[in-house]
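Trainee: generate coordinates for the sequence data below:
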Amino acid sequence: MAQEPEEPPFDQEEEGGPVKPFLDHLEDLRWVLIKCVTALIVGMSVCMAATPYMISFLKRPLPADKIKLEMLGPLDGFWISMKLALFGGLILALPYLLYVVMEFVLPALKKNERKYVLRALAVGFGLFLSGAALCYFLMLPLSLSATIQYNVWLGINTSIWRAQEYFSFVSWFIIGMGLAFEVPVIILTLVKLGIIEHSFLVKSRRYVFVINLVVCAFITPDPVTTIFMIIPMQILLEACIWISAYWERQKKSCQEALMASEPGHGSTTD
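Mentor: Model prediction:
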């Protein structure tokens, strides 16, 4: 009678999914790309049909009594529709894109790593929407008003803006602010996986502030908006440092409790 194959010496659920040949991984990756491109095309098609509504939505922060948007080129309307469809389709398809990518990545992760990654995705998507909303309702009107006042101070007529440049600026500003709010999720996920330590975050605080300042100055058009953008980013960074310190204390407490429960520790008897 043939012997049954022995059980593997580790739990696959804990150590990751089954090992696949290289060609099988390529086939899975091909289907991931096909699904992502298809979802992006569907999202772009929906947003292309809804371009008039998106234009109306993005024009609301603009003071209509002071500024009028004009299309100065014959293809400006087409390029505006394509850009808005790309940005809107990417945001619309983002949940499905993340699901497809995680479906490809998660089998290679350990059980506890999957838990952290899934939590990071859920929290990260919420923070992305929060950052985009903060930009649309607060920072964008402030930035546009400051830009108008600055141009008036320079003695330049600001009653007419090119529509293509306006919608490109607004789209990049909103998406950039949403992505900026993703940084804390990435940092905390790396801390939880043990790739980054709390001491490293404390030491790199000043360097991260400089990086945030440069990024915010690049995204925003004026110093006032830069200040209003860097404040929430620094608050989120400090929150990451506090949370990592709390996790480190928890980890040390668990290690001490584990060592105390091991034989040979504590009180001894004759």
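
Trainee: quick check: next helix or strand after the helix or strand Leu23 falls within?
Mentor: Applying DSSP states H and E as the criterion places Leu23 in helix 22-49. Elements were assigned by DSSP H and E; along the chain past helix 22-49, the next helix or strand is helix 51-59.

Trainee: now the angle from that following helix to helix 22-49?
Mentor: Regarding helix 51-59 and helix 22-49, their directions subtend 80 degrees when assessed with axes from the mean of the first three to the mean of the last three CA atoms, to 10 degrees.

Trainee: could I have helix 51-59 exported to PDB, CA atoms only?
Mentor: As requested, the backbone C-alpha atoms of helix 51-59 are provided in PDB (Å, rounded to 0.1, in the frame of the first residue of the first chain):
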ATOM      1  CA  THR A  51     -18.500  65.100 -18.100                       C
ATOM      2  CA  PRO A  52     -21.100  68.100 -18.000                       C
ATOM      3  CA  TYR A  53     -22.000  67.200 -14.400                       C
ATOM      4  CA  MET A  54     -18.300  66.900 -13.400                       C
ATOM      5  CA  ILE A  55     -17.500  70.300 -15.000                       C
ATOM      6  CA  SER A  56     -20.400  71.800 -13.000                       C
ATOM      7  CA  PHE A  57     -19.200  70.200  -9.800                       C
ATOM      8  CA  LEU A  58     -15.600  71.400 -10.300                       C
ATOM      9  CA  LYS A  59     -16.600  74.900 -11.100                       C
END
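
Trainee: so which bits of it are buried?
Mentor: Of the residues in helix 51-59, those buried under the neighbour-count criterion (16 or more other CB atoms under 10 Å) are 51, 54-55, 58. All C-beta spots, glycine's among them, are computed from the backbone N, C-alpha and C.

Trainee: what residues of the longest helix seen in the chain count as buried?
Mentor: Of all segments of type helix in the chain, defined using DSSP state H, the longest is helix 223-261. Buried positions in helix 223-261, judged by neighbour count with 16+ other CB under 10 Å: 224-226, 228-230, 232-234, 236-237, 240-241, 243-244.
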